[in-house]
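J.: what shape does this take:
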Amino acid sequence: MTHTPVLLVIAHGSRDPRHAATVHALVRRVRSLRPDVRVETGFLDFNVPSVQGVLESLAVQGIRDVVALPLLLTRAFHAKADIPAVLTDAPPQLRIRQAEVLGPSPLLLSALERRLYEAGLSPADKSSTGVVLASAGSTDPEAIAVIAEIAREWRHTGWCAVRPAFASASLPRTQDAVRELRALGCSRVAVAPYVLAPGFLPDRIARGAAEADVLADVLGPAPEVARVVLERYEAARVPTLAAVSA
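T.: Okay, here's the model as predicted:
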């Protein structure tokens, strides 16, 4: 019988209650797409259950195989350091594989466009609209480079222009990117938050979008995000199944 590893979605956590509510909404969508997979949620900080608590509970229940999926858009500090450290301290009877972070993915670009269209744009607006790809920001050069590359790639799908912006750690800020797009001559400027859930930094992005014409919602439980979660799960579980059958 084929064994299906448990999917443990690992979220950052936040004091803002909207964060956990959005994470849970996304996980519900993931479960609806794959009712055959047990999906659990753990938080690194601020919220319960903690990742360690979920892992200990799974071990007590006799679970052996787990795919731990970082609910992150870029492979920055949390994916490289925090999460591996927590997983290293997991109960020894668990076999855990860490999945890749969600981004980059064409599906996430589709989710960004979904949010822009929900905010009032249409495909016919693309050629006259400049978009600010507004991320939380990072001190990790790899993460910053990935955001810049996503912006370049997205520009080629028909937008007037696309500029990256960052709510912390890096420049430019959202408001500066909005002004740059105005100066380029884009007749309309939209801000697309490249973030998964509401919180302190997304609120800063929203404030920076004050001079924009359109502000999209966070990615949240968009269907495309749920599909990326399951893509990353499947990619990580294949080696797990090979190890089980070996």
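J.: Ala68 falls within a helix, correct?
T.: No: according to DSSP: H, G, I helix; E, B strand; the rest coil, Ala68 belongs to no helix; its state is strand.
J.: surely it touches Ile10?
T.: Yes: contact criterion C-beta atoms under 8 Å: Ala68 and Ile10 qualify, at 5.8 Å. The way it works is simple: take the backbone N, C-alpha and C, and place the C-beta from them, glycine included.
J.: tell me, what's touching the two both at once?
T.: Residues touching both Ala68 and Ile10 (C-beta atoms under 8 Å, 6 or more residues apart in numbering): 51, 83.
J.: please, which helix or strand holds the closest residue to Glu149 other than its chain neighbours?
T.: The shortest distance from Glu149 to any non-neighbouring residue, by C-beta to C-beta, 6 or more residues apart in numbering, is to Pro104 (7.2 Å). Using DSSP states H and E, Pro104 maps to neither a helix nor a strand.
J.: got it, and Leu133?
T.: For Leu133, the enclosing helix or strand under DSSP H and E is strand 129-135.
J.: and the next element down the chain from that strand?
T.: helix 141-155.
J.: so that next one versus strand 129-135, what angle?
T.: Per axes from the mean of the first three to the mean of the last three C-alpha atoms, to 10 degrees, the angle that helix 141-155 makes with strand 129-135 is 160 degrees.
J.: for the helix or strand encompassing Leu108, buried residues please.
T.: Per DSSP H and E, Leu108 falls inside helix 106-118. For helix 106-118, a neighbour-count test (16 or more other C-beta atoms under 10 Å) marks 107-116 as buried.
J.: so what does Val9 have for phi and psi?
T.: Dihedral angles of Val9 (phi, psi; degrees, to the nearest 10) stand at phi -90, psi 120.
J.: per-residue confidence averaged over stretch 74-87?
T.: Mean pLDDT, computed over stretch 74-87, is 86.
J.: that stretch: how far from the chain's middle?
T.: Offset of stretch 74-87 from its chain centre (C-alpha atoms, centre = their mean, to the nearest Å): 14 Å.
J.: coming back round to it: with respect to Pro164, which of the buried residues of helix 106-118 is nearest?
T.: Set against Pro164, the nearest of the buried residues of helix 106-118 by C-beta to C-beta is Leu112 (12.4 Å).
J.: if I look at the closest one, how far off is Ile83?
T.: Leu112 sits 24 Å away from Ile83, going by C-beta to C-beta, to the nearest Å.
J.: and the strands in the chain?
T.: Remark: strands assigned in the chain by DSSP state E are 6-11, 39-43, 65-70, 95-98, 129-135, 161-166, 188-193, 214-215.
J.: what's the most buried one of these?
T.: strand 129-135 (a mean of 28; mean count of other C-beta atoms under 10 Å).
J.: show residues contacting that one.
T.: Contact with strand 129-135 is made by 73-74, 112, 116, 121, 147, 150-151, 154, 159-167, 174, 177-178, 181-182, 184, 186-195, 205, 208-209, 212, 214, as judged by C-beta under 8 Å, 6+ apart.
J.: re earlier: the residue nearest to Glu149 is in contact with Val146, isn't it?
T.: Yes: in this structure, Pro104 is within contact of Val146 by C-beta under 8 Å, at 6.0 Å.
J.: comparing those two, which residue is more hemmed in?
T.: Legend: neighbour count by other C-beta atoms under 10 Å for Pro104 and Val146, higher for Val146 (21 against 18).
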